[in-house]
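*Asks:* Got a sequence here, can you model it:
(chains A and B)
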Amino acid sequence: MTSYPVLDKKDTRSGFGAGLLEVGRNDDRVVALCADLTGSLKMDAFAKEFPDRFFQVGIAEANMMGMAAGMTVGGLIPFTGTFANFSTGRVYDQIRQSIAYAGKNVKICASHAGLTLGEDGATHQILEDIGLMKMLPGMTVIVPCDFNQTKQATIAIADHDGPVYLRFGRPKWPVFIPEGMPFEIGKAQVLSNGMDVSIYACGHLVWKALQAAELLEKQGIHAEVVNVHTIKPLDTAAVLASARKTGCVVTCEEHQRNGGLGDSIAQLLARELPMPMEFVAVNDSFGESRTPHQLLAKYGLDTPDVVAAALKVLKRK
Amino acid sequence: MEPGYLRATFHSCLPVPPMNSPETETTKSTSIEELKSMASQVRRDIVRMVHGAQSGHPGGSLGCTDFLTALYFHVLRHDPANFTMDGIGEDLFFLSNGHISPVFYSVLARNGYFPIEELKTFRRINSRLQGHPTTHEGLPGVRMASGSLGQGLSVGVGAALAKKLNGDPTLVFTLHGDGELQEGQIWEAAIAAAGKKVDNLISTVDWNGRQIDGDVDDVMPLGDLHAKWAAFGWDVMEMQGNDMAQVLDGLGKAIGRTGKGKPVMILMRTEMGSGVDFMVGSHEWHGIAPNDAQLAQALKQLPETIGDY
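*Replies:* Numbering: from 1, shown residues only, chains lettered A, B, ... in the order given. Next comes the predicted model:
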């Protein structure tokens, strides 16, 4: 299998901050709004370099979404920044009406998603945001897997015309995507080829999937690891091609089983190519306060869980 | 660039001041009598549209007719024949209380944004005239979806800040229901507008004291609205909204108060159902359609001035 050396350990939110600064330099239509989390979202560099194009809106996320929608009318490209929970669930109707239904070119950038937010606990660990966002017609949903890819995705969405939800996280995480690897919205990446089982993953769990594939390799099982960074629109051709080759699939995500990546892939396979499938995801539960790694282990989202799911689905083949 | 030419001419009101570029000069010269005449036609459109669809919101639409007629036929510097989403170089209007779509659609059509015949498609299948206004069907003149209340002030603040960033000296107007002020997002936006010194924004509240379930004071009292908005850092004025001369005068004064560091709030006293005697002042006509006899009775009170669609 293809090996991915750890290049560094960095948080994906810093990838967002770096990408935002770059698009700010490239395009003066880009503006940024933040609801009192500038440091957490790593938006400081943009705010410092472009004070006229940075809007601190205070702890008022609903208003932030509406302001961003209004700014698009004047041709601006607003990036909103706050935690994933406050970027979605808290402001769902504002996004639905003023951004999605109105077709506004707002980039909703969401940090601290999922269990790996850690010690702040379940109030902040949203595990439903991918589902909330992907259900909205016209919304593009992207969950990049490391620092480099989050930076690439941030740059890519500035050129994409239409509303986007970009989800990333808090903890330092292995950086393994080479800087030169192309990133295209809606194009899944086969990170490692294999014939026995397809492992589709997004976000932090792509790294777990790669680690699991290495362990499976030692048992003589060749897993294909596919990074489905764009949940919507789903790269149906790439998903079906891998599934057709291996005949069984596992999905991995830091999200509820309901409504996430696995749900999208299950719908696709049910329609086009039914086959055995296992889900590595949170099973209808809230999170709790703990370190990111303790939480991933407790809620069944760690490397051994991916291995176990692959072995289980292989038996059902 | 300075929109002061509007301020200078507003107390005399007539004729309409020229727009700042020939391409956008489409507003006709209008007298108060002509505006009243247009308002009568718009009211006919409203009751006929709601009757035709047997659904819709006549009460608030009729109450805001004089305001929107004055705004669209006299005040806004806009270019109905060449609608663009970004509206750069034009004054923008956002309807936050989207349920009064009948009056909005009527003034848009009668300004030439789209054919007046299209008014008959209101709330029908495959229409661009959805129950609540939307950009989704590509109707010229509409720049935002609204209906779920409380969102339009934030949109107006964002659009006004974009104008400042773009160096565009034109203005942003928004309209809200008074019941809508019960939504928390309104007050988030109110804080932001004052905090960011959004002084190219004129927001108006349709202060009719009625909402679906009854009087605002019974459903959830708003208290001293004038003091509330002032305390939030707005330049607040009051206006009688069902008298054309007073609407023109009030809008002129409001424009004169822009550019001074504060957003401008017009608390506009209106009567729900204004212009149709059996609808006036009652929340009962917030969201129901007249039957054939009621339509005939209403139309008798509203002269056909320009011509029905």
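
*Asks:* switch to C-alpha atoms for all contacts and neighbour counts from now on
*Replies:* Fine.

*Asks:* Count the neighbours of residue 106 for me.
*Replies:* Just going to use chain A. Residue A:106 has 29 neighbours, counted by other Cα atoms under 10 Å in any protein chain shown.

*Asks:* that's the wrong chain, I meant chain B
*Replies:* Neighbour tally, residue B:106, other Cα under 10 Å: 29.

*Asks:* what do you get for residue A:161?
*Replies:* Neighbour tally, residue A:161, other Cα under 10 Å: 13.

*Asks:* List the contacts of it.
*Replies:* Counting by Cα atoms under 8 Å, 6 or more residues apart in numbering or on different chains, residue A:161 touches residue A:105.

*Asks:* Kindly state the pLDDT recorded for residue 48?
*Replies:* Went with chain A since none was named. On the pLDDT scale, residue A:48 is placed at 98.

*Asks:* My question was about chain B, not that one.
*Replies:* 98.

*Asks:* does it count as helix, strand or coil?
*Replies:* The local conformation at residue B:48, judged by DSSP: H, G, I helix; E, B strand; the rest coil, is helix.

*Asks:* Residue A:124 contacts residue A:117, correct?
*Replies:* Yes - counting by Cα atoms under 8 Å, residue A:124 touches residue A:117, with 7.5 Å between them.

*Asks:* Compare those two (neighbour count), which wins?
*Replies:* Between residue A:124 and residue A:117, counting by other Cα under 10 Å, residue A:117 is the more crowded of the two (25 against 21).

*Asks:* Phi first, then psi, for residue B:299.
*Replies:* With angles defined as degrees, to the nearest 10, residue B:299 sits at phi -70, psi -30.

*Asks:* Contacts only, for the residue lying closest to it once chain neighbours are set aside.
*Replies:* What sits nearest to residue B:299 in space, not counting adjacent residues and going by Cα to Cα, 6 or more residues apart in numbering or on different chains, is residue B:44, at 6.3 Å. Neighbour list for residue B:44: B:299, B:302, B:303, B:304, B:308 [criterion: Cα under 8 Å, 6+ apart].

*Asks:* ok, so of these, who is nearest residue A:7?
*Replies:* When the contacts of residue B:44 are ranked by distance to residue A:7 (Cα to Cα), residue B:308 comes first, at 71.6 Å.

*Asks:* Just confirm that closest one contacts residue B:43, I think it does.
*Replies:* No - in this structure, residue B:308 is not within contact of residue B:43 by Cα under 8 Å, at 10.6 Å.

*Asks:* Residue B:86 versus residue A:63, what's the distance?
*Replies:* Residue A:63 is 20 Å from residue B:86, where distance means Cα to Cα, to the nearest Å.

*Asks:* Mind jotting down where the helices sit in chain B?
*Replies:* B:4-10, B:32-53, B:58-63, B:65-70, B:101-111, B:152-165, B:184-195, B:216-219, B:225-231, B:244-256, B:292-300 (DSSP state H).

*Asks:* can you pull the buried residues of the longest one?
*Replies:* Of the residues in helix B:32-53, B:32, B:35-53 count as buried by neighbour count, 16 or more other Cα atoms under 10 Å in any protein chain shown.

*Asks:* now that helix: how far from the chain's centre is it?
*Replies:* Centroid separation between helix B:32-53 and its chain, computed with Cα atoms, centre = their mean, to the nearest Å, is 14 Å.

*Asks:* and the helices of chain B as JSON lines, adding distance to residue B:118?
*Replies:* Below are those laid out as JSON lines (distance: least, Cα to Cα, whole Å):
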{"stretch": "helix B:4-10", "distance to residue B:118": "32"}
{"stretch": "helix B:32-53", "distance to residue B:118": "10"}
{"stretch": "helix B:58-63", "distance to residue B:118": "18"}
{"stretch": "helix B:65-70", "distance to residue B:118": "19"}
{"stretch": "helix B:101-111", "distance to residue B:118": "8"}
{"stretch": "helix B:152-165", "distance to residue B:118": "25"}
{"stretch": "helix B:184-195", "distance to residue B:118": "32"}
{"stretch": "helix B:216-219", "distance to residue B:118": "34"}
{"stretch": "helix B:225-231", "distance to residue B:118": "38"}
{"stretch": "helix B:244-256", "distance to residue B:118": "27"}
{"stretch": "helix B:292-300", "distance to residue B:118": "20"}
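
*Asks:* For residue A:103, which of the ones you listed is the nearest?
*Replies:* Smallest distance to residue A:103 across these (Cα to Cα): 13.6 Å, for helix B:152-165.

*Asks:* If you count contacts, what does that closest one end up packed against?
*Replies:* The contact analysis (3 or more Cα pairs under 8 Å, 6 or more residues apart in numbering or on different chains; DSSP states H and E) places helix B:152-165 against helix A:61-73, strand B:92-95, strand B:172-177, helix B:184-195, strand B:201-207.

*Asks:* switch to 7 Å and redo it
*Replies:* helix A:61-73, strand B:92-95, strand B:172-177, helix B:184-195 (3 or more Cα pairs under 7 Å, 6 or more residues apart in numbering or on different chains; DSSP states H and E).

*Asks:* Closest to the centroid, which residue in chain B?
*Replies:* When Cα atoms, centre = their mean is applied to chain B, the residue found nearest the centroid is residue B:68 (4.4 Å).

*Asks:* which residues touch that one?
*Replies:* By Cα atoms under 7 Å, 6 or more residues apart in numbering or on different chains, the contact set of residue B:68 is empty.

*Asks:* Could I get the pLDDT score of it?
*Replies:* Per-residue pLDDT puts residue B:68 at 98.

*Asks:* Please check the contacts of residue B:44 and keep the buried ones.
*Replies:* In terms of neighbour count (16+ other Cα under 10 Å), the buried residues within the contacts of residue B:44 are B:299, B:302, B:303, B:304.

*Asks:* How about the backbone phi and psi for the closest residue to chain B within the stretch 101-250 of chain A?
*Replies:* Distances between the stretch 101-250 of chain A and chain B by Cα to the nearest Cα are smallest at residue A:102, namely 5.2 Å. Backbone torsions of residue A:102, given as degrees, to the nearest 10, read phi -80, psi -10.

*Asks:* do residue A:279 as well
*Replies:* The phi/psi pair for residue A:279 (degrees, to the nearest 10) is phi -120, psi 120.

*Asks:* and residue A:141, what are its bridge partners?
*Replies:* residue A:165, residue A:232 (DSSP bridges).

*Asks:* can you pull the contacts of it?
*Replies:* Contacts of residue A:141 by Cα under 7 Å, 6+ apart are A:133, A:134, A:164, A:165, A:166, A:230, A:231, A:232.

*Asks:* Pull the distance from stretch A:261-274 to the chain's centre.
*Replies:* 19 Å.
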